[in-house]
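1. Below are the sequence and a predicted model for it; my questions follow.
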Amino acid sequence: MKKIAVLIVSIFMMQQLLLAEAIARPARCVVVSNGAQAFNGQCEFSAENGGSFSITPVGKSTFDGATVISVSVTLPGVAEVRGLTRDGINSRWGEAKRSKTDPACWVGSDFKICVY
């Protein structure tokens, strides 16, 4: 009986850990596109495996046309960035590197994404 109770508690704790990673958390996001600030405000931050994450704006429908921005880490300090539009188009923004001066930011050739 004690083994069953320990098993149930273990399963419950594992579910909580997995759910905690999938739950979006409030954050402040700054998105710069083509040198202009496209968004600076509240967003929902969803952590994913390996340092990857996605953000969704709060109080505004899009980040420069994208309803969700995904930052997928491909190598340490390097990520592939995509934006999902309202029409369901998954547009490639390009490669980004983690900023050495502000590690909350990822910088691409014509964009910058910061999450605080």
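-> Right, received. Where do you want to start? Residues are numbered from 1 along each chain as shown.

2. how about the CA coordinates for the longest strand along the chain, as PDB?
-> Taking DSSP state E as the assignment, the strand of the chain that covers the most residues is strand 36-47. Extracted in PDB, the C-alpha atoms of strand 36-47 (Å, rounded to 0.1, in the frame of the first residue of the first chain):
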ATOM      1  CA  ALA A  36      12.100  50.500 -35.300                       C
ATOM      2  CA  GLN A  37      10.500  49.400 -32.000                       C
ATOM      3  CA  ALA A  38       7.500  47.200 -33.100                       C
ATOM      4  CA  PHE A  39       6.500  46.200 -29.600                       C
ATOM      5  CA  ASN A  40       7.400  47.100 -26.000                       C
ATOM      6  CA  GLY A  41       5.000  45.700 -23.400                       C
ATOM      7  CA  GLN A  42       3.500  42.800 -21.600                       C
ATOM      8  CA  CYS A  43       3.700  39.300 -23.200                       C
ATOM      9  CA  GLU A  44       3.200  35.700 -22.300                       C
ATOM     10  CA  PHE A  45       6.500  33.700 -22.200                       C
ATOM     11  CA  SER A  46       6.400  30.000 -22.800                       C
ATOM     12  CA  ALA A  47       9.700  28.100 -22.000                       C
END
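
3. So which bits of that strand are buried?
-> Neighbour-count burial for strand 36-47 flags A38, F39, C43, E44, F45, S46 (criterion: 16 or more other Cβ atoms under 10 Å). Using the backbone N, CA and C atoms, a C-beta is placed for each residue, glycine as well.

4. Including distance to V78, could those residues go into CSV?
-> Converted to CSV, the buried residues of strand 36-47 look like this (distance: Cβ to Cβ, whole Å):
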residue, distance to V78
A38, 22
F39, 23
C43, 22
E44, 24
F45, 20
S46, 20
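
5. looking at it, S72 is touching R92, isn't it?
-> No. S72 is beyond contact range of R92, at 10.9 Å (criterion: Cβ atoms under 8 Å).
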